[in-house]
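**Student:** This is the structure alone, sequence omitted:
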């Protein structure tokens, strides 16, 4: 990665100008408030945020040219549609660049939301209580920097979500039915909603910037700006809280539907019992054939050899039937264990999603309450100086930060396992990649912009598909009809049934038995395991 080029900006931030002005005022008046710990901390927050944002922009520029994307562009040109391919590639490059830029900003945004913003609110409260105008203005300057960072991240995310929604809408129209259609349609709805919420949130951050700027400039309409910011913050917090509630409801319904399928060990107890009975009967038949063979060995007469030959053939055939019956029972028992494992995993994923969305929704609702308190306080004590306001803001930010850190830690752990233990979730029948060293695995784990492509969820999706697929799919020919039906019921519970794919049941079953659609099905199942 190239070294960032440091330039002297001709447009200094409001935080730097305010700090310089306060130092001059402090030197003239002899006041010690400008050199206080609070001022130093707030100035450090602003400078750190500005430097981190500049570094994120530089990283996004340095990674704009990706050899993999260049190869795709060259391949598209070689295949013919040069003009259409170039336009599509150009659009994809822009989307990829914006997505990378947004992901580089997300750690900064997390720091701002979880630490800088609540700290600013606390200093604002302290300044209001102590009537310290210098501290009040420093907190406002730091708040301006924080809201600007939030706005930059949110705006980039809104554009990326909008482009993803448009792309998936086109894909859904292109694939009128099947797994590809459902996956694209679901993503289009999700990304479209993300774009709408992101646009509203960008407006809220813009109002927050206006509020802080009015405090820095000591404007007469500062109370009005604070009230507008509080209302905007409360509105977006309520919207996000309701969205989390809907997601919790969706995950709860999916969990209930999977649970209603029952324990595979109980559901298939009768089938296993019948297979075990067939194995026992085949074993007895083989034993009887060997008893008959022993009897013919002691028979005397010209027909002795003929009888022994027939007995050997009968014993061999009986042994083959006994072996086949034992193998059928063993495969069925393994399939029951697999089905039990994937159903348990599906329920665990939905419970985890309910927990994360509940905490996240609680945090957003708390932030909405903080916005209401800020709006009410703006007309009385002014500018979020009410301790209830910043207390609620801090609590809400803490909840959201906790969920964000949990997600980041889980993703980093999965990325580490993906390269350090590639054999753990590698597809069966394929040679796993060479395991990376601990150092290289840690480096890969820190690449927060990369998604896990060879993890547990993908492995579980392959297991579900192998159980539900038809006999023409490699590795699925020996699955019993009862087991295949149960696996397909699981697909329906995961919202991947015929109705979701806009197919009749017979056509839906045919897609499961089509080797060309194997990859699409595995991707669809993996998506549905993660969503509510």
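**Tutor:** On my side now, so go ahead. Given the structure is predicted, the values throughout are model-derived calculations rather than measurements.
**Student:** drop to CA atoms for contacts and neighbour counts, all remaining ones
**Tutor:** Noted.
**Student:** What segments of the stretch 251-400 of the chain are strands?
**Tutor:** In the stretch 251-400 of the chain, no strands are defined using DSSP state E, counting those that start in this stretch.
**Student:** quick one, what contacts residue 277?
**Tutor:** By C-alpha atoms under 8 Å, 6 or more residues apart in numbering, no residues touch residue 277.
**Student:** So that it lines up with my notes, have the first residue be 35 from now on.
**Tutor:** Will do, 35 is the new start, and the previous item becomes residue 311.
**Student:** and the gap between it and residue 350?
**Tutor:** Shown here: residue 311 relative to residue 350, a distance of 20 Å by C-alpha to C-alpha, to the nearest Å.
**Student:** same question, residue 527
**Tutor:** Applying C-alpha to C-alpha to residue 527 and residue 350 gives a distance of 45 Å.
**Student:** Same drill for those two, tell me which one is more crowded.
**Tutor:** residue 527 (21 against 15; other C-alpha atoms under 10 Å).
**Student:** Can you give me the pLDDT of residue 216?
**Tutor:** On the pLDDT scale, residue 216 is placed at 92.
**Student:** Show me what the helix or strand containing it is packed against.
**Tutor:** Under the criterion of DSSP states H and E, residue 216 resides in helix 212-250. Judged by 3 or more C-alpha pairs under 8 Å, 6 or more residues apart in numbering; DSSP states H and E, the packing partners of helix 212-250 are helix 167-208, helix 256-293, helix 552-564.
**Student:** Out of those helices, which gets nearest to residue 220?
**Tutor:** For those, distance to residue 220 was read as C-alpha to C-alpha. The smallest value, 8.5 Å, belongs to helix 167-208.
**Student:** Now do the closest one against helix 212-250: the angle between them, please.
**Tutor:** 160 degrees (axes from the mean of the first three to the mean of the last three C-alpha atoms, to 10 degrees).
**Student:** follow-up on the earlier one: what's the distance between the helix holding residue 216 and the middle of its chain?
**Tutor:** Between the centre of helix 212-250 and the centre of its chain there are 17 Å (C-alpha atoms, centre = their mean, to the nearest Å).
**Student:** In it, which residues are buried?
**Tutor:** For helix 212-250, a neighbour-count test (16 or more other C-alpha atoms under 10 Å) marks 212-222, 225-229, 231-250 as buried.
**Student:** Same check on stretch 463-480?
**Tutor:** Buried residues in stretch 463-480, counted by 16+ other C-alpha under 10 Å: 470, 475, 476, 478, 479, 480.
**Student:** What residues does the fourth one make contact with?
**Tutor:** Pointing back at residue 478 there. Residue 478 makes contact with 449, 450, 453 under the criterion C-alpha under 8 Å, 6+ apart.
**Student:** Got the domain ranges for the chain?
**Tutor:** Under automatic domain parsing, the residue ranges defining each domain of the chain are 48-99+108-246, 298-375, 489-564.
**Student:** which helices and strands does the longest helix along the chain pack with?
**Tutor:** The longest helix of the chain (DSSP state H) is helix 338-412. Contacts defined by 3+ C-alpha pairs under 8 Å, 6+ apart place helix 338-412 against helix 256-293, helix 298-301, helix 303-331, helix 421-454, helix 490-502, helix 515-527, helix 552-564.
**Student:** Format these as JSON lines; extra columns: distance to residue 194 and mean pLDDT.
**Tutor:** Shown next, in JSON lines, are those (distance: least, C-alpha to C-alpha, whole Å; pLDDT from 0 to 100):
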{"stretch": "helix 256-293", "distance to residue 194": "19", "mean pLDDT": "84"}
{"stretch": "helix 298-301", "distance to residue 194": "42", "mean pLDDT": "93"}
{"stretch": "helix 303-331", "distance to residue 194": "50", "mean pLDDT": "86"}
{"stretch": "helix 421-454", "distance to residue 194": "20", "mean pLDDT": "77"}
{"stretch": "helix 490-502", "distance to residue 194": "25", "mean pLDDT": "94"}
{"stretch": "helix 515-527", "distance to residue 194": "30", "mean pLDDT": "94"}
{"stretch": "helix 552-564", "distance to residue 194": "19", "mean pLDDT": "93"}
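**Student:** how about JSON lines for those, with distance to residue 372 added?
**Tutor:** Listed next are the helices and strands packed on helix 338-412 as JSON lines, based on distance: least, C-alpha to C-alpha, whole Å:
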{"stretch": "helix 256-293", "distance to residue 372": "15"}
{"stretch": "helix 298-301", "distance to residue 372": "9"}
{"stretch": "helix 303-331", "distance to residue 372": "14"}
{"stretch": "helix 421-454", "distance to residue 372": "22"}
{"stretch": "helix 490-502", "distance to residue 372": "7"}
{"stretch": "helix 515-527", "distance to residue 372": "10"}
{"stretch": "helix 552-564", "distance to residue 372": "15"}
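**Student:** closest to residue 142 out of those helices?
**Tutor:** Of the helices and strands packed on helix 338-412, nearest to residue 142 by C-alpha to C-alpha is helix 421-454, at 12.1 Å.
**Student:** Next secondary structure after the closest one?
**Tutor:** Next element after helix 421-454 (DSSP H and E): helix 472-479.
**Student:** can you tell me the average pLDDT over that following helix?
**Tutor:** For helix 472-479, the per-residue pLDDT averages 90.
**Student:** Run the chain-centre distance for it.
**Tutor:** Computed by C-alpha atoms, centre = their mean, the chain-centroid distance of helix 472-479 equals 21 Å.
**Student:** now it against helix 421-454, angle please.
**Tutor:** Angle between the axes of helix 472-479 and helix 421-454 is 130 degrees (criterion: the same axes, to 10 degrees).
**Student:** SS state for residue 534?
**Tutor:** At residue 534 the chain is in coil, as set by DSSP: H, G, I helix; E, B strand; the rest coil.
**Student:** I appreciate the help and will end here.
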